[in-house]
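A.B. asks: Here is my input; please provide its structure:
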Amino acid sequence: MADTYRALVARKDPEHRVEFATLTDEELGSGAVTVAVEYSTLNYKDGLAITGASPIVREYPLILGIDLAGTVVASEDPAFAAGDRVLVNGYGLSETRNGGYTERARLDPGLLVPVPGALGTRRAMAIGTAGYTAMLCVLALEDGGVEPGDGDVLVTGAAGGVGTVAISLLSGLGYTVVASTGRAAEADFLQALGAAEVIDRAALAERGKPLQRERWAGVVDCVGSQTLANALAQTRYDGTVAACGLAQGLDLPGTVMPFILRNVRLQGVDSVQAPMARRRIAWERLAKDLDLDRLDALTTELPFNELPAAGPRILAGEIRGRCVIPIGA
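C.D. replies: Next up is the predicted model:
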């Protein structure tokens with residue numbers, strides 16, 4: 001009898017729906033490396049894919065989950081061998097490629113990143129796409145010349161997955177972090193992660209002047225829309241804003257004034273198609289710079305079978321920090 005594996009699959013008949021299915025080897029797709037998936041995670045994008053609130057899934061049927069970490073069980077590629085611990089973020093998982101919500105995955109070796117030894121597969125997924133994106137944002141600030149002594153760094157959407165890891169990373173590197181959130185009850189939690197100050201997101205959510213009082217040496221923005229426009233208008237001369245999210249909206253109702261009068265840089269941060277060299281740098285820095293005790297403090301576990309119900313919850317802002325899904329650990 002063929003081996004079978006449990007997976008969360010999106011189907012369209014004719015509407016988008018998700019269900020747990022039992023798959024065979026033949027249904028896992030093509031790829032030179034087979035991985036026993038141990039952990040995945042729940043990101044905002046996963047919530048969109050689970051609910052169908054945004055057209056994340058572009059091919060049906062498809063295994064969901066934009067992240068996975070596990071152990072290689074078979075490889076036709078010399079770069080990987082049975083027993084290697086690997087992870088995958090993005091690269092079209094849960095969009096056009098089968099994703100990580102499955103007990104077994106078959107993958108192109110060009111997608112795989114070795115799990116840094118200090119992390120292990122569970123912590124790698126506690127970081128996941130959200131934490132890896134946070135590190136890409138930190139790298140963008142560093143590339144823009146933002147240094148710890150330059151002034152406050154704003155993190156918007158601070159109680160979410162990217163925001164919480166960004167706070168921990170930045171504060172650990174010596175930056176003074178101001179966290180913006182709509183969840184007042186999370187202030188103590190965010191300060192424990194390293195935020196020096198917590199402000200209400202309402203202060204940034206409404207339309208403001210094209211140029212405002214200079215405050216931020218740098219910004220990690222997970223929100224977009226008017227929040228990003230105000231963050232740009234408040235960024236200090238020669239500052240850098242790293243934009244990676246659209247929780248408030250995908251529009252940018254601002255002006256060119258911060259760019260041409262204050263020399264502000266707006267750096268887009270993409271985690272899905274980031275080059276492998278950049279990914280490896282990000283994961284090496286995460287293993288070195290991220291306080292693992294803080295990572296554990298912001299991480300919760302969610303049973304595999306509760307994933308469908310958790311999709312709407314993460315979109316509603318009801319899940320804080322990072323959420324790990326044990327698959328076959």
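A.B. asks: Now that A310 has come up, it's in contact with E301, right?
C.D. replies: No: counting by C-beta atoms under 8 Å, A310 stays clear of E301, with 11.4 Å between them. Bear in mind the C-beta positions are built from the backbone N, C-alpha and C, glycine included.
A.B. asks: in stretch 254-262, what's buried?
C.D. replies: Applying a neighbour-count criterion of 16 or more other C-beta atoms under 10 Å, one finds G254, P258, R262 buried in stretch 254-262.
A.B. asks: Can you find the helix or strand in this structure with the smallest mean pLDDT?
C.D. replies: For the chain, using mean pLDDT, DSSP states H and E, the weakest element among its helices and strands is helix 292-297, scoring a mean of 90.
A.B. asks: Tell me the helix or strand right after that one.
C.D. replies: From helix 292-297 onward toward the C-terminus, using DSSP states H and E, the following helix or strand is strand 299-301.
A.B. asks: just the helices in the stretch 1-150 of the chain please.
C.D. replies: Taking DSSP state H, counting those that start in this stretch, the helices of the stretch 1-150 of the chain run over residues 44-51, 120-143.
A.B. asks: cool, the stretch 151-300 of the chain as well?
C.D. replies: Counting by DSSP H, counting those that start in this stretch, the helices of the stretch 151-300 of the chain are 161-172, 187-193, 202-205, 225-234, 257-262, 276-289, 292-297.
A.B. asks: Let me know which of these is tucked in deepest.
C.D. replies: Most buried of these by mean neighbour count (mean count of other C-beta atoms under 10 Å) is helix 161-172; its value is a mean of 28.
A.B. asks: List the contacts of it.
C.D. replies: 43-44, 127-131, 133-135, 137-138, 153, 155-158, 177, 179, 181, 190, 193-196, 220, 222, 244-245, 286, 289-291, 294-295, 298, 320-323 (C-beta atoms under 8 Å, 6 or more residues apart in numbering).
A.B. asks: OK, contacts around the spatially most central residue of the chain?
C.D. replies: For the chain, the residue lying nearest the average C-alpha position, counting by C-alpha atoms, centre = their mean, turns out to be A130 (1.6 Å). Under the criterion of C-beta under 8 Å, 6+ apart, the contact list for A130 reads T41, N43, Y44, G160, G161, V162, V165, R322.
A.B. asks: could I get those residues as a markdown table with pLDDT and distance to G70?
C.D. replies: As requested, those are exported to a markdown table (pLDDT from 0 to 100; distance: C-beta to C-beta, whole Å):
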| residue | pLDDT | distance to G70 |
| --- | --- | --- |
| T41 | 96 | 13 |
| N43 | 91 | 17 |
| Y44 | 89 | 23 |
| G160 | 88 | 25 |
| G161 | 87 | 20 |
| V162 | 93 | 23 |
| V165 | 93 | 21 |
| R322 | 90 | 18 |
